[in-house]
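Novice: no FASTA, just this:
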């Protein structure tokens, strides 16, 4: 049995506060009042890192921001990295006359280059900065976009470790996970995206709101440390050549959980099939992210998988629970002693409801744990019990995905992936 690792629900997150004075955009006691809605622009492109784009929009929308995800391409549909297709809310060219409180750029090497080369976006961002607006970037975008546009001159900033040398000489390079310097916020990669997004919430709405949002998401209390998975009744997860993994999605699925799982497992070279349980390929997730699935559930029902894993979110989990075809797939998976898993609302709403946790220890989103028959191990962030893996919520999704990688490929491979994503 692996060492048990129980952590308290976090209410704080770490960021680097530099000496440059900050002007708060909203009172820090935002939980006591109704904060004014802040408008945020998140541009995306073909090759954008989907985790960074989706986590940022998800967290900001949780905080109450009015987020516009805008495509710099000619179409709303964007082919992000790792085979993930997102549908933007608008085109960047249609945002020229709008004003925003914050513009935040996701990374991804190809995506960052396409953002950099978009003249309309460059004009929007530069006018925004001239007016004193907040601006931010993560991963390849701080050096590759903001640096190349001359918007980091004389400032401290960070970016993805392998592109630090792309910063102009007049930028002070920092190795911190998140750097706030004046009106600009920068961060390192997909593994720091939640910290980055919460830093943006703090700048827009104050620390109380950031703590409130982060606590509800069950974020890590100590970012950057090596993750831990608690395992009971250890068995090997077998596969031939490449793990075949099914990830269903539905209207109301938690987009952060879904994208982190899909992105991370594809980085690990697993073959991940994303299917919609709706009648259409495109679903609208819990926080209004539009995701296009690879296929419909009918196509998957004829195939065999080494793992079926459910993201959470309501009403997405309820859609899973009401899908007879998906429930039958899960029951066949369990009866065949093949791995299956769920995170957030899905362990309680789907697995428990359909008898798929019988004789198993599991965890779930904290407010839903009362629906579990056995609560004895429910405080674990990630829990493996034989061929079952469960986890708590958006803030544990990366650990959950790495736990799956570890079961298929080993701890060394999982830690290598975690370092590549700057999670540890």
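Specialist: Thanks, I have it. Fair warning: this is a prediction, and the values are worked out from it, not measured in the lab.

Novice: give me every residue that touches residue 51.
Specialist: 190, 193, 259-260, 263 (C-beta atoms under 8 Å, 6 or more residues apart in numbering). C-beta here means a position set from N, CA and C on the backbone, and glycine is covered the same way.

Novice: for those residues, which one is nearest residue 293?
Specialist: Comparing the contacts of residue 51 against residue 293 with C-beta to C-beta places residue 259 closest, at 12.3 Å.

Novice: what's the helix or strand for that closest one?
Specialist: When secondary structure is defined by DSSP states H and E, residue 259 falls within helix 255-267.

Novice: can you give the contact residues for stretch 168-178?
Specialist: Counting by C-beta under 8 Å, 6+ apart, 14-16, 143, 147-148, 150, 152-158, 161, 164, 167, 185-188, 192, 195-196, 199, 223-224, 422 sit against stretch 168-178.

Novice: I'd say residue 333 and residue 351 touch.
Specialist: No. Counting by C-beta atoms under 8 Å, residue 351 is not a contact partner of residue 333; they are 11.1 Å apart.

Novice: where do the contact lists of the two overlap?
Specialist: Joint contacts of residue 333 and residue 351 (C-beta under 8 Å, 6+ apart) are residue 340.

Novice: which one's more surrounded, these two?
Specialist: Each of residue 333 and residue 351 has its neighbours counted (other C-beta atoms under 10 Å); residue 351 has more, 28 against 21.

Novice: give the contact list for the more buried one.
Specialist: Taking C-beta under 8 Å, 6+ apart, we find residue 351 in contact with 310, 330, 340, 342, 357, 362, 390.

Novice: for the fourth one, give me its contacts.
Specialist: Contacts for residue 342 (C-beta under 8 Å, 6+ apart) come out as 309-310, 312, 350-351, 364, 390-391.

Novice: give the buried residues for stretch 108-123.
Specialist: Taking 16 or more other C-beta atoms under 10 Å as the basis for neighbour counts, the residues of stretch 108-123 that come out buried are 108-116, 118, 120-122.

Novice: redo the residues you listed as a markdown table? Include distance to residue 130, pLDDT and secondary structure.
Specialist: Putting those into a markdown table (distance: C-beta to C-beta, whole Å; pLDDT from 0 to 100; DSSP: H, G, I helix; E, B strand; the rest coil) gives the following:
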| residue | distance to residue 130 | pLDDT | secondary structure |
| --- | --- | --- | --- |
| 108 | 27 | 98 | coil |
| 109 | 28 | 98 | helix |
| 110 | 28 | 98 | helix |
| 111 | 25 | 98 | helix |
| 112 | 22 | 98 | helix |
| 113 | 24 | 98 | helix |
| 114 | 23 | 98 | helix |
| 115 | 19 | 98 | helix |
| 116 | 19 | 98 | helix |
| 118 | 18 | 98 | coil |
| 120 | 16 | 98 | helix |
| 121 | 15 | 98 | helix |
| 122 | 12 | 98 | helix |
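
Novice: pick out the most distant pair among these.
Specialist: 109 and 120 (21.1 Å).

Novice: still on that earlier bit, filter the contacts of residue 351 down to the buried ones, PyMOL style.
Specialist: If you want just the buried ones from the contacts of residue 351 in PyMOL, going by 16+ other C-beta under 10 Å, the selection is:
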select buried, resi 310+330+340+342+357+362+390
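
Novice: and the contacts of the helix or strand residue 308 falls within?
Specialist: Taking DSSP H and E as the criterion, residue 308 maps to strand 307-310. Outside strand 307-310, the residues within contact range by C-beta under 8 Å, 6+ apart are 237, 243-248, 261, 317, 320, 329-330, 333, 338-343, 346, 350-351, 389, 404, 408.

Novice: show only the entries of these found in helices.
Specialist: Assignment to helices by DSSP state H places the following of the contacts of strand 307-310 there: 261, 317, 320, 329-330, 333, 346, 404, 408.

Novice: quick one, helices of the stretch 1-150 of the chain?
Specialist: According to DSSP state H, counting those that start in this stretch, the stretch 1-150 of the chain carries its helices in the segments 50-62, 109-116, 119-130, 141.

Novice: mind checking the pLDDT average for the first one?
Specialist: Think helix 50-62. Rounded to a whole number, the mean pLDDT of helix 50-62 is 98.

Novice: give me the angle between it and helix 255-267.
Specialist: 170 degrees (axes from the mean of the first three to the mean of the last three C-alpha atoms, to 10 degrees).

Novice: start at 48, not 1
Specialist: Got it, the first residue is 48 from now on, which makes the last one we talked about helix 97-109.

Novice: now do helix 97-109: distance to the chain's middle.
Specialist: Helix 97-109 has its average C-alpha position 7 Å from the chain's average C-alpha position, going by C-alpha atoms, centre = their mean, to the nearest Å.

Novice: got it, and stretch 209-221?
Specialist: 26 Å.

Novice: can you mark which positions in it are buried?
Specialist: Of the residues in stretch 209-221, those buried by neighbour count under the rule 16+ other C-beta under 10 Å are 210-211, 213-214, 218, 221.

Novice: ok, back up a step: drop anything exposed from the contacts of stretch 215-225.
Specialist: Of the contacts of stretch 215-225, these count as buried by 16+ other C-beta under 10 Å: 61-63, 190, 194-195, 199, 202-205, 211, 214, 232-235, 239, 242-243, 246, 270, 469.

Novice: out of these, list just those in helices.
Specialist: Secondary structure of the buried ones among the contacts of stretch 215-225 is defined by DSSP H; positions in helices are 242-243, 246.

Novice: could I get those as TSV with pLDDT and distance to residue 225?
Specialist: As requested, those are exported to TSV (pLDDT from 0 to 100; distance: C-beta to C-beta, whole Å):
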residue	pLDDT	distance to residue 225
242	98	5
243	98	5
246	98	5
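
Novice: residue 95: which of those residues is nearest?
Specialist: Distance from residue 95 was checked for each of those by C-beta to C-beta. The minimum falls on residue 243, at 14.7 Å.

Novice: next, residue 339: phi, psi?
Specialist: Dihedral pair for residue 339: phi -100, psi 120, per degrees, to the nearest 10.

Novice: my error: substitute residue 461 in the last question.
Specialist: The main-chain torsion angles of residue 461 are listed as degrees, to the nearest 10 and equal phi -60, psi -40.

Novice: isn't it up against residue 453?
Specialist: Yes. Judged on C-beta under 8 Å, residue 461 makes contact with residue 453 at a distance of 3.9 Å.

Novice: pLDDT score for the residue nearest to residue 142 when sequence neighbours are not counted?
Specialist: Ranked by C-beta to C-beta, 6 or more residues apart in numbering and with sequence neighbours excluded, the top spatial neighbour of residue 142 is residue 117, at 5.3 Å. At residue 117 the predicted local distance difference test score is 99.

Novice: all set, thanks.
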